[in-house]
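Peer 1: Need the 3D shape of this:
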Amino acid sequence: MTDSLLVHIALTIYEIIWVLFRPIISRHPRLKEGLKQRLLIHPPKPADLWLHAASVGEAFLALEIIKQFDYPQPLNLLISTNTSQGKEVLDKELSSLQSTTAKSLTIATTFFPFDQPSLMRKALSIINPRLLILIEGELWPGLLAGCHQKRVPVILVNGRINQKSLERYLLWPAFWKYLRPKLVLAISETDSKRFARLFGRERVVIVENIKFDRVAVTIATPANYNPLDSFLKLSDKFIVLGSVRQEEELLLTQVISSLFHHDQDLIIGLFPRHMHRLSFWNQALASSGISFLLRSEITPGMDVKRGTVILWDRIGELNFAYAISKAVFVGGSLAPVGGQNFLEPLAHGVRPVIGPYWTNFAWIGREIVNMGLVEEVNDHLQLTETLLARISTTSQRPQVTQDFQNYLKQRRGGTAKICRTIIEILQNQTAGKITP
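Peer 2: Numbers count the residues shown, from 1 in each chain. The predicted model follows:
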């Protein structure tokens, strides 16, 4: 039996699974928003480029690509995302970005269609893209199969893949090799080798991570542009717990209680990674007798009392909080969920504290810890001690910022390389030299 026939059988089974479970999936509270776009009842318009950014993190990377993308001819770009948070970030940022980007680029956003193969074929027929761009690690069988059938080239940019995912894909390597992207731009040698095992060495190239370029932009943000200045001051003992994940919530509840036990003058900014976890934090803080406010309840000029947790229910303000913080913990790292982006606080002159679990950012390497730019702790008890020590230490923001800029010098440029690759593919298409 040929690989193509086996893939066809697998996709038929995948289609049946979607048919059976789509009614249940459609009722999921996180998928209800944008359901008519996910089902193509409200379909997107045709686009030359289709760029998929799974959620908030990938949405910011997509925006970085758009900022540097300069194609000489008019193009329509569609950006899809899986989450309402990702859609909110895209719509908010694009409203101001389009006035500063190349006038030849027209941009629209949509929720990512369900990956049911027949639905994806319909989506590709409607959008009719010249090129599909996936960010980081979004390998959707229905989408890839539709692109293969309709001969739409696919490139995976800022590619990363962990060992666990690779082992899962390698349960049927012929399936993924049959549907493989035209090109993978991987962020490290390790990721490159893993993708090469899956798709073939000839399909993989290493480029610098887009996140390094994005951090460089953050450094250039004017210091006086901060909406939090109206209720927080640089003199406040302000600690940020950023991008907190569900798996570490109970540990961080203990950390918060212990921090206030040692210092009642603290103000703690608590940023859940996912907004649907706000209900947990409302209950957990109230049950622990910890005074807290929702960020949305704070008005300009309001006096936030010391000994208070600000529970952040707004998206897009984490970097502003880093800019005026005295100490920072970056979440996803106290429990084995892979860690969140700890480069962002460094851009504001704050050395972040992280837990021992940061495999999602292993591409950065331990050099950044060995240099003292990031401090790694073993558990929540050591985290409490470290944050309290940071509060008592004189700020060294200018030196930290300079050290981090020096660190970044040799690690920028990935976005420009990705843009050049996309433009080259489009130009080869025009010249009739492209194959999927």
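Peer 1: Could you list the low-pLDDT ranges of this protein?
Peer 2: 1, 98-103, 216-224, 433-436 (pLDDT under 70).
Peer 1: does the nearest residue to Asp265 once chain neighbours are set aside count as helix, strand or coil?
Peer 2: What sits nearest to Asp265 in space, not counting adjacent residues and going by CB to CB, 6 or more residues apart in numbering, is Arg306, at 4.6 Å. For the C-beta atoms, the positions are set from N, CA and C on the backbone; glycine is no exception. Here Arg306 is recorded as coil under DSSP: H, G, I helix; E, B strand; the rest coil.
Peer 1: domain parsing for this structure?
Peer 2: The chain breaks down into these domains under automatic domain parsing: 3-208+415-430, 222-411.
Peer 1: Out of those, which gets nearest to Val215?
Peer 2: domain 222-411 (4.8 Å; CB to CB).
Peer 1: which stretch of helix or strand covers the closest residue to Val154 other than its chain neighbours?
Peer 2: Spatial nearest neighbour of Val154, chain neighbours left out: Pro181 (4.2 Å); criterion: CB to CB, 6+ apart. If you go by DSSP states H and E, Pro181 is not part of any helix or strand.
Peer 1: still on that earlier bit, show the contacting residues for the residue nearest to Asp265.
Peer 2: Arg306 makes contacts with Asp236, Lys237, Gln264, Asp265, Leu266, Ile267, as judged by CB atoms under 8 Å, 6 or more residues apart in numbering.
Peer 1: Which members of the residues you listed are classed as buried?
Peer 2: Asp236, Lys237, Leu266, Ile267 (16 or more other CB atoms under 10 Å).
Peer 1: My guess is the first one contacts Gly269. True?
Peer 2: No - under the contact definition of CB atoms under 8 Å, Asp236 does not touch Gly269, with a separation of 10.2 Å.
Peer 1: that older thread, tell me the one of the buried ones among the contacts of Arg306 nearest Ser288?
Peer 2: Among those, Leu266 lies closest to Ser288 (CB to CB), at 14.8 Å.
Peer 1: For that closest one, what are phi and psi?
Peer 2: Dihedral pair for Leu266: phi -70, psi 150, per degrees, to the nearest 10.
Peer 1: if we can go back for a sec, mind picking the two most distant members of the buried ones among the contacts of Arg306?
Peer 2: The farthest-apart pair in the buried ones among the contacts of Arg306, when distances are taken by CB to CB, is Asp236 and Leu266, at 8.7 Å.
Peer 1: follow-up on the earlier one: reformat the domains of the chain as JSON lines; add distance to Val215.
Peer 2: Below are the domains of the chain laid out as JSON lines (distance: least, CB to CB, whole Å):
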{"stretch": "domain 3-208+415-430", "distance to Val215": "10"}
{"stretch": "domain 222-411", "distance to Val215": "5"}
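Peer 1: what about those domains, which gets the closest to Arg214?
Peer 2: So among these, domain 3-208+415-430 is nearest, using CB to CB, at 4.9 Å.
Peer 1: Distance from the chain centre to that closest one, please.
Peer 2: Taking CA atoms, centre = their mean, to the nearest Å, one finds domain 3-208+415-430 lying 14 Å from the centre of the chain it belongs to.
Peer 1: same question, stretch 327-344
Peer 2: The answer for stretch 327-344 is 13 Å, by CA atoms, centre = their mean.
Peer 1: okay, it in CSV with CA atoms only?
Peer 2: What follows is stretch 327-344, C-alpha atoms only, in CSV (Å, rounded to 0.1, in the frame of the first residue of the first chain):
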residue,chain,number,x,y,z
ALA,A,327,11.5,42.4,41.0
VAL,A,328,10.0,40.0,38.5
PHE,A,329,9.2,36.3,38.4
VAL,A,330,8.4,34.9,34.9
GLY,A,331,5.9,32.0,35.2
GLY,A,332,5.4,28.7,33.6
SER,A,333,8.7,27.7,35.2
LEU,A,334,7.8,26.5,38.7
ALA,A,335,5.9,23.6,37.2
PRO,A,336,7.1,21.5,34.2
VAL,A,337,5.1,23.3,31.5
GLY,A,338,8.1,24.8,29.7
GLY,A,339,8.4,28.4,30.9
GLN,A,340,7.3,31.8,29.4
ASN,A,341,9.4,34.5,27.8
PHE,A,342,11.9,35.8,30.3
LEU,A,343,13.7,38.1,27.8
GLU,A,344,11.1,40.8,28.1
